[in-house]
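Visitor: Have a look; sequence and predicted model below, questions after that.
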Amino acid sequence: MEQFDFITNLLGIKDPNITILDHVDSTTHKEILAKLDYLAPKCHNCHGQMTKYDFQKASKIPYLECAGYKTLIRLKKRRFKCKKCGKVAVSETSLVNKNHQIATVVHQKIAQLLIEKQSMPDIAKRLAVSTSTVIRKLNEFQLKTD
């Protein structure tokens, strides 16, 4: 368990609800297997009590490079089901924005590299994201400056 705490600290993952289960060393990249789980919240729809339901299929979250290797976090998120209305909700974390699969630190790094005027394909390749992700980030900048 101590090794997994070290990995969490090394990657800068601050969310205490994320538990690292295992890691896989591939020749091209590192994979971190983790789960996101916490106590059931109140329903956003009817304010009834939700219960733990199951886990989603693991999301593949590209993360910043670590020790010269691309890093991928496979995060299983807990789902909750409302006892009253039956609505299902997915656990949330500061690691990724709601309904997204790219880490917030990767978005920050994209912004930094765009400011440094690196090419979009280079940024995409370096951070293991698509070029369209980099273009969307650039468009966000343009909308904020207009």
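Guide: All right, it came through fine. Just so it is clear, the model here is predicted, and its values are computed rather than measured.
Visitor: Tell me the helices and strands packed up against the lengthiest strand in the chain.
Guide: What stands out as the longest strand in the chain, according to DSSP state E, is strand 69-82. The helices and strands touching strand 69-82, judged by 3 or more C-beta pairs under 8 Å, 6 or more residues apart in numbering; DSSP states H and E, are strand 29-36, strand 50-55, strand 59-66, strand 88-90. (C-beta placed from N, C-alpha, C; glycine too.)
Visitor: Identify the residues contacting stretch 25-32?
Guide: Contacts to stretch 25-32, defined as C-beta atoms under 8 Å, 6 or more residues apart in numbering, come from residues 7, 11, 20, 23-24, 63, 66-67, 69-74, 128.
Visitor: I'd guessed residue 130 sits against residue 124; true?
Guide: Yes. Residue 130 is within contact range of residue 124, at 6.0 Å (criterion: C-beta atoms under 8 Å).
Visitor: of the two, who's got more company?
Guide: Set residue 130 next to residue 124 and count neighbours by other C-beta atoms under 10 Å: residue 124 wins out with 18 against 12.
Visitor: Give the buried residues for the helix or strand that contains the more buried one.
Guide: Under the criterion of DSSP states H and E, residue 124 resides in helix 120-127. Residues of helix 120-127 classed as buried: 120, 123, 124, 127 (neighbour count, 16 or more other C-beta atoms under 10 Å).
Visitor: got the contact list for the spatially closest residue to residue 124 that is not a sequence neighbour?
Guide: Spatial nearest neighbour of residue 124, excluding adjacent residues (C-beta to C-beta, 6 or more residues apart in numbering): residue 131 at 4.4 Å. Shown in contact with residue 131 (C-beta under 8 Å, 6+ apart): 120, 121, 124.
Visitor: Great, nothing more from me.
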